[in-house]
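J.: just coords:
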C-alpha cells in the first residue's frame, strides 16, 4: 500500500510540474517574503487569506476553518480547485478564482486514465492554466495561502509565492505515509497540520515541522437533530459525485428491505452537488410515494418504511450533541469525508463494493485501512448486503466495538481553532 501511495504522489507532483514548468522551484523563501511585502501594503491585504481546496470534503473543511479565521480578525476567501466549491448558503465566505465541474468529479489522481481523458476533453488543461494564472497573481491581494487537501493542492498553493500553510486531509501513516517528493514539497512551509500524531511524527523525522492539533472533520459534527423524528434511525451517505445517483438507488433499495418491519426510519444525506429532483424521480420509479415535509428535502414512504431527504449538516444526522449519544444506529456509506465523520461520531459504517472486502478499489481500500474495524465492506449485491446488515443491526456488541474504533481512529475535535490560531500568530509575527 505504501509503495502505491508513494508512486501516486510522485505522479501527482510530476503532473503539477508539467502544468507550470519549473516555476515551483523558483519560489524561494526570500522571494516569498518580497511578495508578502507587496501584499501587506494595506490593512485589508494583510488580513486577507486565500484558502485553496480540492474536493467536496475539503470544501467543507475549508468553510469550517474560515469561520475560525474570521474569529481571529482575518478575512478568508475560498478558492476551490475542483468543482464549484462549497454550497452552504448561510456562510459568508467569498468564493474566488476560476472554477468548473469536470466529468470525473476530481477523481483523476488514482491512475484513472479514462477519467483523466474525459476531463481533458471537457477543458481541464484550460481550467488548470487559468487557476495557475490566478494563483500567480494572488500575492497582490492576500497575505497568506492555506492549502486544504493533498500534495497537488499544496503545490498549486505554493505557486502564489505567499507564506503557505498546509492542512493535510488525505494521508495518514495508517494508509500510506507522505512520500519523499511530498515531504520535500512541505519543507519550508509556514505551518503543516496533519490528521494524526503518528503522521506528524513521520514527517518530523524527515525534517518537516508538522503537528496534529486535532481533526477538523470532527469540528464539523454540528447541527440540531432532524425535526420531528425520534432516534434511532438509519443514515444513507451516497457521496457528492456523479456516482452518488446510482449509489443512492442501491442504498435506498437495501434500506427499504432492511427497515421493513422495524421502527427504523432512514435519512438520506443529499450533498449540495446533487440534484434533488433526480433523486426524487429515481424513488418514484422504484415505487416510493414522495411528498414534502418542512425541514427536509422530501418525505418518502414505501409500505411501512419512511425515508427522509436531508440537505442540512451531516453532524445532525449522526450523533447530534443534543441527543447525548443517540441518533444514527448505522450508516450505509459510499462517501469519503462523510464516512470518516460518521466513524468519528461513533456510528458504524458499512460500504459496498462489487467484489466485497477482498476486491475493493484503491479509494475504499485506503478508507478501510484508515478506519480499521469501524468500517465494514460488503459485496454490492442486494441479497448478500441485506444479510450482512441484518446480522450487524442485531449485534449490539459488534456495533459498539465499531463505534469505539471509529472515535479512536478519527481523533478529537479542536483542529480548526488550533490551525486558525497558528495562522494568525504566524502572520502577526511577520508584520
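T.: Alright, I've got the coordinates. Please read these numbers as outputs of a predicted model, since none were measured by experiment.

J.: where in the stretch 301-431 of the chain is pLDDT low?
T.: Along the stretch 301-431 of the chain, the parts satisfying pLDDT under 70 run over 355-360, 431.

J.: which SSE is the residue nearest in space to the middle of the chain in?
T.: Centroid-nearest residue in the chain: residue 57, 2.0 Å away (criterion: C-alpha atoms, centre = their mean). Assigning secondary structure by DSSP states H and E places residue 57 in helix 56-71.

J.: counting contacts, what elements does the helix or strand that that helix is followed by pack onto?
T.: As assigned by DSSP H and E, the chain's next helix or strand after helix 56-71 is strand 75-80. Judged by 3 or more C-beta pairs under 8 Å, 6 or more residues apart in numbering; DSSP states H and E, strand 75-80 is in contact with strand 48-53, helix 56-71, helix 124-136. Where you see a C-beta, it was placed from the backbone N, CA and C, and this is true even at glycine.

J.: which one of those is the most hemmed in?
T.: strand 48-53 (a mean of 27; mean count of other C-beta atoms under 10 Å).

J.: strand partners of it, parallel vs antiparallel please.
T.: strand 75-80 (parallel), strand 144-149 (parallel) (DSSP bridges).

J.: out of these, flag the one nearest residue 246.
T.: With C-beta to C-beta as the measure, strand 75-80 is the member of the strands paired with strand 48-53 nearest residue 246 (24.4 Å).

J.: and the next helix or strand past the closest one?
T.: helix 113-121.

J.: buried set for that next one?
T.: Of all the residues in helix 113-121, those buried under the rule 16 or more other C-beta atoms under 10 Å are 115, 116, 119.

J.: can you tell me which of these is nearest residue 266?
T.: Checking these one by one against residue 266 (C-beta to C-beta), the nearest turns out to be residue 115, at 30.6 Å.

J.: quick one: the closest residue to the closest one other than its chain neighbours from residue 248, how far?
T.: Computed as C-beta to C-beta, 6 or more residues apart in numbering, the closest residue to residue 115 that is not its neighbour in sequence is residue 104, at 3.7 Å. With distances taken as C-beta to C-beta, to the nearest Å, residue 104 is found 19 Å from residue 248.

J.: who has more neighbours, the two?
T.: Just comparing residue 104 and residue 248: by other C-beta atoms under 10 Å the higher neighbour count belongs to residue 248, 24 against 20.

J.: how about the nearest residue to the more buried one, chain neighbours excluded?
T.: Nearest non-adjacent residue to residue 248, counting by C-beta to C-beta, 6+ apart: residue 238, 4.3 Å away.

J.: that neighbour reaches residue 273, doesn't it?
T.: No - at 11.1 Å, residue 238 does not count as touching residue 273 under the criterion of C-beta atoms under 8 Å.

J.: more neighbours: which of those two?
T.: residue 238 (26 against 19).

J.: if anything else comes up later, I'll come back, but that's it for now.
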